[in-house]
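>>> With the sequence up front, the predicted model follows.
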There are 2 protein chains.
Amino acid sequence: MPKNINKITLVADVGGTNTRIALARNGSIDSTSIKRYANREFDSLHAVIKQYCETLSVDQITASCVAIAGPVENGTGRLTNLNWAMDQTGLKQVTGAETVAIINDLQAQAYALQDLPNSAFEKVLSSPAPHQEPLRHSTKLVIGVGTGCNAALALTDASGVRVPASETGHIGLPVRSQDDLDLALYLQKQHGFASVEHVLAGSGLETVYRYFAKTAGQAHNLSAQQIMAVMATESDPVARKTVQITVRLLAQLCADLALIHLPYGGIYLVGGVARALAPYLQRYEFATAFYAMGRFTQTMERFEIALVHDDYAALTGCANALHGLRG
Amino acid sequence: MPKNINKITLVADVGGTNTRIALARNGSIDSTSIKRYANREFDSLHAVIKQYCETLSVDQITASCVAIAGPVENGTGRLTNLNWAMDQTGLKQVTGAETVAIINDLQAQAYALQDLPNSAFEKVLSSPAPHQEPLRHSTKLVIGVGTGCNAALALTDASGVRVPASETGHIGLPVRSQDDLDLALYLQKQHGFASVEHVLAGSGLETVYRYFAKTAGQAHNLSAQQIMAVMATESDPVARKTVQITVRLLAQLCADLALIHLPYGGIYLVGGVARALAPYLQRYEFATAFYAMGRFTQTMERFEIALVHDDYAALTGCANALHGLRG
């Protein structure tokens, strides 16, 4: 038996809709091993992983890391948008791995940053006054806006990368104006609390659209995809208002998180909604809102913001997270 | 020459008003060496440290760490409320130390937490459902409200404690209601931006008092000390309104930071304004505002909040920070 068979790890990225699974050897994803499964065809995450292992006839997995789109507490991850959970004992059983880890999907994105190719990054805000520290040693921040919203900080030092857990999507909406507050009070009525995720997520876009449609005396309900589709045709003023305030609130969130975490290594936007909003950042003055931090405007100019285009980044992040745990 | 003379370190806590300096041996503060200086009697931080070294006839300092109440960038710390700065070269020159570090004073507070006696902590909010992780491995968050406002996260793992830098005091005020927004719009007019520190600081209390006095058709100007003094006599409705909204905004800040950082090892309030507000947290429903996070109320119940009573904690933190750098 070749010695490196002991280094096979199974990594999985469990989103609200799909689960992606792959094998990694010595910390690198084997791209031929990547498979994607529709969650609705399975009863549980165990069943998905079991089918993957049977399909690929892998049985020498020594380590496994699963990234879950939901909170992880005491080693148990719970998917926010589906009644699936996975704990360390269950992951050991289904994979046969001795070393296992369950992390949040945004943590996985942050663990991946160091290994993504330059082509995976699209700059959306350049830094007029870059920070002087070497970027590879600096702090990086991932902000995810997709099915849900969250953020993850990647801290690098001599001992490696560390990514603390977070529930940033559930903090209060960053309200700066009467327009913001009017929306927040509407969300409070709907949800009992106006959180960031009630706006910055697919369902959030839909809620904000309903809010402006109602204000305009209409009763339209559009899906997030439909909202972004009519935006492209420029035919719907309600969609424009929706995207405009969403872009500004995203900028205000990015600005607050920038001062909280000081990510001089960059802010990285990930997720389907972030990608859909990206073409509208300039038109709706994302930069103006991001820099409008009073006497800290100069500090804000140190931060770069990029969009990440890599559907499999979380798998790389899972492999890196395991490497950190063992190394 | 005894060998441990090589382990003498000089630590300093530089606030807006006073500088405290001490010697540490093998990571422990020598309490007989603590001296306190009024900044106004000196031209520079160099002059304060020089006088300390001359007074104590110390000349075998191998390491030094200075905590500054202001931002530290590229190794240079700048005091926010006084035109003093210190860089690593300057600190090496004045102390003769080979290993030096300049950190923010809140970072020093966070580095100190692990070594403070139980008597230094006064619980202000118990956790109805404590987190199950062993506390000593958990993440802790310090929130400072004094001359200024900031926060510092203490992350513990096998390699020790790590405290990233932050400028949390300069994020947007956590606005949740029309009352909050009215105050924020007033602060925007005054300062160009409504930051947390424009309320949660000594000068912030004074600004909020002026705001409510003006709203009530009065033209009173009270100092922060006077505001807290009239609070104790319960004679001034403007002071009551000031403390009430300040307590609620502190709770809203604590709640947002709790979900951002998940400090299951506790939230620790430090600083003179935090201590002055502490007796009013219950009356003005701090807990109600802290828990009011929609479906994340249960998560909020995992967090404990304590007030720190230890004027010399930052010195201990400086010694620990150096220990981490070298160890």
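Looks like it arrived, so ask away. Residues are numbered from 1 along each chain as shown, chains lettered A, B, ... in the order given.
>>> And the helices in the stretch 51-200 of chain A, which stretches?
A:88-95, A:105-112, A:178-191 (DSSP state H, counting those that start in this stretch).
>>> Buried residues in the first one, which are they?
So the one you mean is helix A:88-95. A:88, A:90-91, A:94-95 (16 or more other C-beta atoms under 10 Å in any protein chain shown). From N, CA and C alone the C-beta is placed, and that goes for glycine too.
>>> OK, contacts around A:R20?
A:12-13, A:34-37, A:311-312, A:314-315 (C-beta atoms under 8 Å, 6 or more residues apart in numbering or on different chains).
>>> In chain A, which helix is the longest?
helix A:237-261 (DSSP state H).
>>> Report the angle between that one and helix A:178-191.
90 degrees (axes from the mean of the first three to the mean of the last three C-alpha atoms, to 10 degrees).
>>> and helix A:237-261, anywhere near chain B?
Yes. Applying C-beta under 8 Å from any C-beta of the partner chain, one finds helix A:237-261 in contact with chain B at A:252, A:255-257, A:259-261.
>>> Out of the buried residues of helix A:88-95, which is nearest to B:L181?
A:Q88 (45.1 Å; C-beta to C-beta).
>>> From A:V161, how far out is that closest one?
Distance, A:Q88 to A:V161, using C-beta to C-beta, to the nearest Å: 21 Å.
>>> Go through the helices of the stretch 51-200 of chain A and name the closest to chain B.
Closest to chain B of the helices of the stretch 51-200 of chain A, according to C-beta to the nearest C-beta: helix A:178-191, at 4.8 Å.
>>> what does that closest one contact?
A:172-175, A:193-195, A:198-199, A:207-208, A:211, A:245, A:248-249, A:252, B:175-176, B:178, B:181, B:185, B:294-295.
>>> Can you read off the pLDDT for whichever residue of the stretch 101-250 of chain A sits closest to chain B?
Proximity of the stretch 101-250 of chain A to chain B (C-beta to the nearest C-beta) peaks at A:F193, 2.9 Å away. Looking at A:F193, its pLDDT stands at 96.
>>> The one 3 residues further on too?
A:V196 is assigned 98 on the pLDDT scale.
>>> What parts of the stretch 101-250 of chain A come near chain B?
Counting by C-beta under 8 Å from any C-beta, the residues of the stretch 101-250 of chain A that sit close to chain B are A:131-133, A:139, A:151, A:153, A:155, A:157, A:159, A:162, A:164-168, A:170-172, A:174-176, A:178, A:180-181, A:184-185, A:191-195.
>>> hmm, back to that, hmm, the residue of the stretch 101-250 of chain A closest to chain B is touching B:G294, no?
Yes. Assessed by C-beta atoms under 8 Å, A:F193 is found in contact with B:G294 at 2.9 Å.
>>> Isn't A:I260 up against B:A165?
No. Contact between A:I260 and B:A165 fails when scored by C-beta under 8 Å: they sit 10.4 Å apart.
>>> Pick out whichever of the two has more residues nearby.
More neighbours surround A:I260 than the other of A:I260 and B:A165, with 25 against 18 (other C-beta atoms under 10 Å in any protein chain shown).
>>> burial count for the residue in the stretch 201-327 of chain A that chain B sits nearest to?
With C-beta to the nearest C-beta as the measure, A:G294 is the residue of the stretch 201-327 of chain A nearest to chain B, at 2.9 Å. By the measure other C-beta under 10 Å, the count of residues near A:G294 is 17.
>>> Verify the stated contact: it with B:F193.
Yes. If you go by C-beta under 8 Å, A:G294 and B:F193 touch, sitting 2.9 Å apart.
>>> how about A:Y37, phi and psi?
Phi and psi for A:Y37, reported as degrees, to the nearest 10, are phi -120, psi 140.
>>> likewise A:P71?
Dihedral angles (degrees, to the nearest 10) for A:P71: phi -70, psi 150.
>>> That one touches A:G77, doesn't it?
Yes. Counting by C-beta under 8 Å, A:P71 touches A:G77, with 7.3 Å between them.
>>> ok, these two, which is more surrounded?
It is A:G77, of A:P71 and A:G77, that has more neighbours when counted by other C-beta under 10 Å, with 25 against 19.
>>> What pLDDT is listed against that one?
For A:G77, the predicted pLDDT is 95.
>>> Tell me the spacing between it and B:R176.
30 Å.
>>> Repeat that for A:T99.
Taking C-beta to C-beta, one finds A:T99 at 43 Å from B:R176.
>>> Looking only at neighbour counts, state which of those two leads.
Shown here are A:T99 and B:R176; by other C-beta under 10 Å, B:R176 has more neighbours (23 against 15).
>>> I'd like the distance between the more buried one and B:I245.
Applying C-beta to C-beta to B:R176 and B:I245 gives a distance of 11 Å.
>>> now do A:L281
Distance from A:L281 to B:I245, by C-beta to C-beta: 34 Å.
>>> Check A:H198 too.
24 Å.
>>> same deal with A:N150?
Taking C-beta to C-beta, one finds A:N150 at 30 Å from B:I245.
>>> ditto for A:A129
From A:A129 to B:I245 the distance is 36 Å (C-beta to C-beta).
>>> Neighbour count for the two, which is higher?
A count of neighbours by other C-beta under 10 Å puts B:I245 above the other of A:A129 and B:I245, at 20 against 11.
>>> buried sites along the longest helix of chain A?
A:238-261.
>>> quick one: contacts for the closest residue to A:G75 other than its chain neighbours?
In this structure, A:G75 finds its nearest non-sequential neighbour in A:Q88, 4.5 Å apart by C-beta to C-beta, 6 or more residues apart in numbering or on different chains. Taking C-beta under 8 Å, 6+ apart, we find A:Q88 in contact with A:75-76, A:100-102.
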